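# sequence below, structure please.
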Amino acid sequence: MQARSRATVDALVEATARILTRDGFEKASTNRIAEVAGVSVGSLYQYFPSKEALVAAVIERHNEEIMGIVRTALAEVADLPIDKAVRKLVTVAIEAHRINPKLHRVLAEQIPRTGQLKDVEAFNREIHTLVHTYLESRRKEMRKIDLDVATFICVSAIEAVTHNTVLHGAEMLSEKMVRTLVEETTRLVVGYLR
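Okay, here's the model as predicted:
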């Protein structure tokens, strides 16, 4: 894709994210998105057939951003003992979800509507694989436990806490509350594994 096309696509995706965050899905029209992006509606339709396609692009970009953070974190904890690794992963999960909590909330509602579930499932599989690999390398530190089950429970617990933190007004969370959440979630997961 040429630089100008890329810039137009980026402007449209950015405008969509801004409108979704500020006004919600219902108020995000292609006309409004084009206007905020500073492009004509005709140009918008050259790249995206519908509002849903634009929302799908926002979801994809948001997921890529979060996955980049998660991949980096999992690479960084590869050699750490379980308690330190879990603490880092929980911290990173909460931080990743705090990037744009309002957008995260809107997108969580829109994912089923835009047919993006398969992408989300692909990310989830990747996270499960990475965590499974880590736990496998730490077998000696863990009680005797089925690794598939352990992976599922660890990822689900961390995901549930971070997701619910964001859905229930995470932007209001103080640093102190975040530290407490990290501490308690780490205790939960490490206690389960050992």
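
# residues in contact with the spatially most central residue of the chain?
Of all residues in the chain, the one closest to the mean position by CA atoms, centre = their mean is Ile66, 4.3 Å from it. Residues near Ile66 by CB atoms under 8 Å, 6 or more residues apart in numbering: Ala96, His97, Ile99, Phe123. Quick note: C-beta positions are derived from backbone N, CA and C, even for glycine.

# from the residues you listed, list the buried ones, please.
For the contacts of Ile66, a neighbour count by 16 or more other CB atoms under 10 Å gives the buried set as Ala96, His97.

# what about the contacts of Ile66, which are in helices?
The members of those that map onto helices under DSSP state H are Ala96, His97, Phe123.

# pretty sure the first one is touching Thr72, no?
What it means is Ala96. No - counting by CB atoms under 8 Å, Thr72 is not a contact partner of Ala96; they are 10.1 Å apart.

# now the farthest one out in the chain, which residue is it?
Outermost in the chain, CA atoms, centre = their mean: Gly42 at 31.4 Å.

# pull out the buried positions in the host helix or strand of that residue.
Taking DSSP states H and E as the definition, Gly42 sits inside helix 41-47. For helix 41-47, the neighbour count (16+ other CB under 10 Å) marks Ser43, Leu44, Tyr47 as buried.

# other residues contacting that helix?
Residues contacting helix 41-47 (CB under 8 Å, 6+ apart): Ser5, Thr8, Val9, Leu12, Thr30, Asn31, Ile33, Ala34, Ala37, Leu54.

# next helix or strand past it?
helix 51-77.
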